[in-house]
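Visitor: need coordinates for the below:
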Amino acid sequence: MSDAASHLQRLIALKGPLSLSEFMTEALWHPRAGYYAGSEVLGAAGDYVTSPEISQMFGELLGLWCVAMWEAMGRPRPLLLLELGPGRGTLMADALRAARSRPDFLAAAELHLVEASQRLARLQRARLEGVPASWHAHLGEVPEGASIVLANEFLDALPIVQLERSAAGWRERLVDYHPGAGFRFILAPGPAAQEALLSPAERAAPVGSIAELSPAAISLASTLARRLVEQGGGALFIDYGRRAGERGPTLQALRRHARADALATPGHADLTAHVDFAAFARAAREAGAACHGPIAQGAFLAALGIRERAERLAAAAPQQAEAVRASLRRLIAPEAMGSLFQAFALAHPALPVPPGFERAP
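Guide: Here you go, the predicted structure:
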């Protein structure tokens, strides 16, 4: 049994069944037993691969996106360049390399990385060695100022709650433990207070329906939107999200690049859920920010010029041409990551439409 499983068993014995949000938080982020405190999670030797690890093109284009946003903002100095959940630091390293074409941008930028995992923060420091930067456990620690924010596969790892429509009404799904059955879902006995956050269509769902909510994502949208409205700037999120009108549970576990039972191996599998960008946008707009997207990752990267960048890389290193084109297909093809992953931006309402979103709905 994993340390995380033992820890969660003790919590349940002391407190009773846990909300799914608390279960996910402890399983992923516990400083000693959590998934992100353990062994390698990214890459072929880990459990999943992210876009920055597939090709340098991804981070390079996002770096140039930041430069264009900075120019649209009037070139503020200083500029806070933030990344939420920077992984191994690959995206930011590639972004900064691409931004070398604009030394005035690099001179203005102050790098801030928001990372809750001490192990990942060590990897980021090694990857960004020599680059002046500050690390923070959460967004609230970042100083005030005009900002550009990047976040790739960050929102999907924020904890969620699940509600189930029973014959008696909406009830929260809690995680309990039974020695013979392991971790399992049960329904809370009383009404779910979170029902108020459901849309009218969701509230009218039939008995047996399951709804997911991410109070953490909604809170982040509101906090970040207020920050951008008051201090200036924009934010880019790329994540896999719900399609318009999609409902139902999306909680999943990934272990060794394959789906796993979400409750079976806490601390040894990545836990994620599809992002509800519609709810995220509602919270951001209520705080005064302009919202753009979501649009498919493939369309977004194509609008930024990834095909042209791929051809330049292939021409510069012909022996790597097929690998470059294979990475391009993986990032933009609809049957790969191109349609599952989506791009979404928040910005100060006075700014023009951010690059890549000109044709967004």
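
Visitor: state the distance from the residue minimising distance to the centre of the chain to Met24.
Guide: For the chain, the residue nearest the mean C-alpha position is Phe154 (1.8 Å; C-alpha atoms, centre = their mean). According to C-beta to C-beta, to the nearest Å, Phe154 and Met24 sit 14 Å apart. Where C-beta positions appear, they are placed from N, C-alpha and C, glycine not excepted.

Visitor: and Ala225, by the same measure?
Guide: 24 Å.

Visitor: how about the contacts made by Asp261?
Guide: Ala253 (C-beta atoms under 8 Å, 6 or more residues apart in numbering).

Visitor: ramachandran angles for it?
Guide: phi -60, psi 130 (degrees, to the nearest 10).

Visitor: and it, how far is that from Phe237?
Guide: 28 Å.

Visitor: Ile218 too?
Guide: 13 Å.

Visitor: so those two - more neighbours on which side?
Guide: Phe237 (28 against 19; other C-beta atoms under 10 Å).

Visitor: can you tell me the SS state at that one?
Guide: Look at Phe237: counting by DSSP: H, G, I helix; E, B strand; the rest coil, its state is strand.

Visitor: let me know whether it touches Ala347 as I believe.
Guide: No - counting by C-beta atoms under 8 Å, Phe237 stays clear of Ala347, with 11.9 Å between them.

Visitor: just the element for the residue nearest to Pro17 when sequence neighbours are not counted, please.
Guide: Leaving aside its chain neighbours, Pro17 sits nearest to Leu174 (3.7 Å; criterion: C-beta to C-beta, 6 or more residues apart in numbering). In the assignment (DSSP states H and E), Leu174 maps to strand 169-178.

Visitor: mind listing the strands that strand pairs with, and their directions?
Guide: strand 18-19 (antiparallel), strand 161-166 (antiparallel), strand 182-187 (antiparallel) (DSSP bridges).

Visitor: give me the contact list for the first one.
Guide: Put plainly, it is strand 18-19. So strand 18-19 is contacted by Leu8, Leu11, Ile12, Glu26, Val161, Glu172, Leu174, Val175 (C-beta under 8 Å, 6+ apart).

Visitor: which one of those residues is nearest Leu351?
Guide: Nearest to Leu351 out of the contacts of strand 18-19 is Val161 (C-beta to C-beta; 33.4 Å).

Visitor: so what sits opposite the closest one in the bridge?
Guide: Leu213.

Visitor: surely it meets Glu212?
Guide: Yes - assessed by C-beta under 8 Å, Val161 is found in contact with Glu212 at 7.3 Å.

Visitor: what do those two both touch?
Guide: Joint contacts of Val161 and Glu212 (C-beta under 8 Å, 6+ apart) do not exist.

Visitor: torsion angles phi and psi at Glu110?
Guide: The phi/psi pair for Glu110 (degrees, to the nearest 10) is phi -110, psi 120.

Visitor: next up, the contacts around it.
Guide: Per C-beta under 8 Å, 6+ apart, neighbours of Glu110: Pro78, Leu79, Leu80, Leu81, Pro132, Ser134, Gly145.

Visitor: Phe277 too?
Guide: Counting by C-beta under 8 Å, 6+ apart, Phe277 has contacts Gly241, Arg242, Gly293, Pro294, Gln342, Phe344.

Visitor: from the residues you listed, which two are the most distant?
Guide: Going by C-beta to C-beta, the pair spanning the contacts of Phe277 furthest: Arg242 and Gly293, at 13.1 Å.
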